[in-house]
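**Student:** Mind folding the following:
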Amino acid sequence: MGKRMFCVLKIILQTPHRAITALEIQENLMKQDIKIEIKTVYSCIKQINDFFHSWLDRDLIISYHKLGYKIDEDIFDDGELQFLLDQIAFHQDLNREDQQHLQNKLLMLSSFHQQQRLVNFQPSQRQHSFSLFVNLSVIMKAIEHQKAISFQYIDYNIQHEQLIEVASQRGNKGDQYIVSPYSLTSQNNHYYMIAYNEKHPQQLTNYRIDRMRQIQTLNKGYIDIQEQFDIQNEIEKMMNMFISHHRDTLVIECDYKQLREMVSRFGQQMKVQRLYQDRLLLTIEDVSISEGLIGWIMMMQTQIKVISPQYLQDEMKARIKAMHNLYQDVI
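**Tutor:** Numbers count the residues shown, from 1 in each chain. As a prediction, this is how the structure comes out:
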């Protein structure tokens with residue numbers, strides 16, 4: 001019955017007409033060499049609705065007198081499905097094959113009419129020599145079963161003015177890294193593994209999963225000393241590697257047209273004063289004075305000006321001077 005239910009659902013989802021009758025469903029199944037009686041079609045539709053009613057709190061397939069069956073409201077809202085498909089399409093660590101595979105799985109739950117409404121973005125295709133899904137799956141199972149893993153960690157060489165991927169030689173045994181994985185985390189659209197490596201006995205180490213190759217689980221060598229570390233604290237330190245624990249009140253001057261950018265960065269809880277013309281003075285309390293903040297201010301160039309704290313203004317001046325010196329000899 002499971003296969004028949006799936007086929008019935010697939011036919012209804014993919015029907016471009018307003019509705020499809022039970023007889024038409026039966027004829028479609030016969031073309032697929034699936035013999036089924038009309039009453040079984042009705043039974044399949046009832047079971048499909050029973051299943052999805054527990055999930056969606058409503059019937060998925062609606063019956064219309066003399067017209068047949070159709071899906072008025074999809075499993076995912078248009079916005080939900082568009083968001084999921086876009087996250088897959090634009091994830092920088094996914095190769096095109098993995099992207100297409102996962103998108104196709106999602107689209108199997110989408111009706112013909114909904115798919116016509118979706119926007120199919122085609123981002124630039126990056127070539128990867130690894131599968132993020134495979135790497136994640138191996139590591140997650142190793143964590144669950146407390147298995148050590150071995151892998152290569154990539155580095156780069158230059159050959160004929162081109163970058164080529166090579167294995168780092170800084171592993172436990174040459175190019176082989178052997179670690180005990182404890183947890184996963186994500187930062188800046190990349191996945192990281194938190195693990196214990198005997199080469200660094202006093203600390204946990206993190207590895208970017210998109211830089212790992214030839215991951216294999218080992219039957220021995222797992223070292224479980226998680227109780228010696230605050231794993232959550234280690235993850236937070238890794239997640240906040242660009243965030244300083246030093247916090248202060250930040251005062252900046254900016255153009256009115258940059259106000260939305262300021263709100264996106266700091267939120268709405270700030271004091272705003274109008275200066276001259278379209279200039280604003282913003283006072284934001286309890287800001288992390290970090291490398292990340294400085295990099296963002298540098299990126300904004302002349303669009304904002306640091307007023308205080310004074311030490312941050314001095315730091316900005318020093319970095320601008322260093323950049324100026326770097327380009328002094330450039331004609």
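
**Student:** In this structure residue 74 contacts residue 110, no?
**Tutor:** Yes - between residue 74 and residue 110 there is a contact under C-beta atoms under 8 Å: 6.1 Å. For the C-beta atoms, the positions are set from N, CA and C on the backbone; glycine is no exception.

**Student:** Mutual contacts of those two, please.
**Tutor:** Taking C-beta atoms under 8 Å, 6 or more residues apart in numbering as the criterion, residue 74 and residue 110 both touch residue 81.

**Student:** just to confirm, which helix or strand has residue 318 in it?
**Tutor:** Secondary-structure element containing residue 318, defined by DSSP states H and E: helix 310-326.

**Student:** same question for that helix, mean pLDDT?
**Tutor:** Here helix 310-326 scores 93 as its mean pLDDT.

**Student:** May I see the buried residues of that helix?
**Tutor:** Across helix 310-326, burial judged by 16 or more other C-beta atoms under 10 Å covers residue 312.

**Student:** List of residues touching that helix?
**Tutor:** Helix 310-326 is contacted from outside by 248, 250, 289, 294, 297-298, 306-307, using C-beta under 8 Å, 6+ apart.

**Student:** any low-confidence regions in the stretch 151-300 of the chain?
**Tutor:** Filtered on pLDDT under 70, the stretch 151-300 of the chain yields the residue ranges 237-245.

**Student:** Break this protein into its domains for me.
**Tutor:** Following automatic domain parsing, the chain resolves into domains at 2-70, 78-117, 132-239, 247-326.

**Student:** Check the gap between residue 130 and residue 100 for me.
**Tutor:** 16 Å (C-beta to C-beta, to the nearest Å).

**Student:** These two: which is more packed in?
**Tutor:** Higher neighbour count among residue 130 and residue 100: residue 130, with 19 against 13, using other C-beta atoms under 10 Å.

**Student:** The more buried one and residue 159, how far apart?
**Tutor:** Using C-beta to C-beta, we find residue 130 at a distance of 20 Å from residue 159.

**Student:** Kindly report the same for residue 268.
**Tutor:** Counting by C-beta to C-beta, the separation of residue 268 from residue 159 is 52 Å.

**Student:** With residue 123 instead?
**Tutor:** As judged by C-beta to C-beta, residue 123 and residue 159 stand 28 Å apart.
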